[in-house]
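Engineer: Just need the structure, nothing else, for what follows:
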Amino acid sequence: MKACPNCHSKYPDDANFCPQETCATPEGPRRLVPVPAEPAPRFQLTSKLGGGLSGEVWVARDSQTGNDVAYKLVTPQVLPTPAAFERAQRELKQLQRAQNAHLALVVDFGRSGDGRLFVVQELVNGQPLSDLVRDAGPLSVDRAKKIVAQIGEALLEGQKVGVVHHDLAAKNVLVGPNDDVKVINFVTPRPATETVFGVPEYLSPEQAEG
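Structural biologist: Down below sits the predicted model:
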């Protein structure tokens, strides 16, 4: 692909000059220049993992590390204002400093081509706590204590870097082998109303009041 440096129109590789008379120089037609190839995106989406009201989630391949990651495209309604978008990016940057085994690692984040926030986290081998309870029924006290303690560790780590979880619900707690826990989705809550975000059954009174 080539382009005119004056009007920026693009032409095939076998073209040499811009046909627009207004682009001509005193020496003759404007010579086209090669268009630099755009770098390949770092994350290549491979398969859809899931998602809900807060956005869709994909499995993606990280070209820098070769690892599979979880790539989330956040629904615009979750971040309806520029201030909300900036807050989310600021908190994600803070979360990248977190160092706890029970908090899903934030690999990258930014603005997608269509203007939405994308969030890339480590790909966690586990199922939502909500699904675990649905399938297994009420958990034993010892098992529940182990899971809740790990959730607490993740929340404390978030607090250390200045981030509070905006949607602490069972769907955002992933339970893996040996009941190892990872907490996800700190800063991208699903919208319940125009002013309240999160799963209604798990909201604190302060959140429910907006």
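
Engineer: Can you list the helices and strands that the lengthiest strand in the chain packs against?
Structural biologist: What stands out as the longest strand in the chain, according to DSSP state E, is strand 43-52. For strand 43-52, the packing partners by 3 or more CB pairs under 8 Å, 6 or more residues apart in numbering; DSSP states H and E come out as strand 55-62, strand 68-74. For glycine as for every other residue, the C-beta is placed from the backbone atoms N, C-alpha and C.

Engineer: highest average neighbour count across those strands?
Structural biologist: strand 68-74 (a mean of 20; mean count of other CB atoms under 10 Å).

Engineer: Which SSE is immediately downstream of it?
Structural biologist: Per DSSP states H and E, the first helix or strand lying C-terminal to strand 68-74 is helix 82-95.

Engineer: Strand 68-74 and that following helix, what's the angle between them?
Structural biologist: Per axes from the mean of the first three to the mean of the last three CA atoms, to 10 degrees, the angle that helix 82-95 makes with strand 68-74 is 160 degrees.

Engineer: List the pairing partners of the following helix or strand past helix 82-95 within its sheet, with orientation.
Structural biologist: Scanning forward in sequence from helix 82-95 by DSSP H and E, the next helix or strand is strand 106-111. The pairing partners recorded for strand 106-111 under DSSP bridges are strand 117-122 (antiparallel).

Engineer: The next helix or strand after the partner strand: how far from the chain's middle?
Structural biologist: Counting by DSSP H and E, the next helix or strand C-terminal to strand 117-122 is strand 127-128. Chain-centre distance of strand 127-128: 18 Å, with CA atoms, centre = their mean, to the nearest Å.
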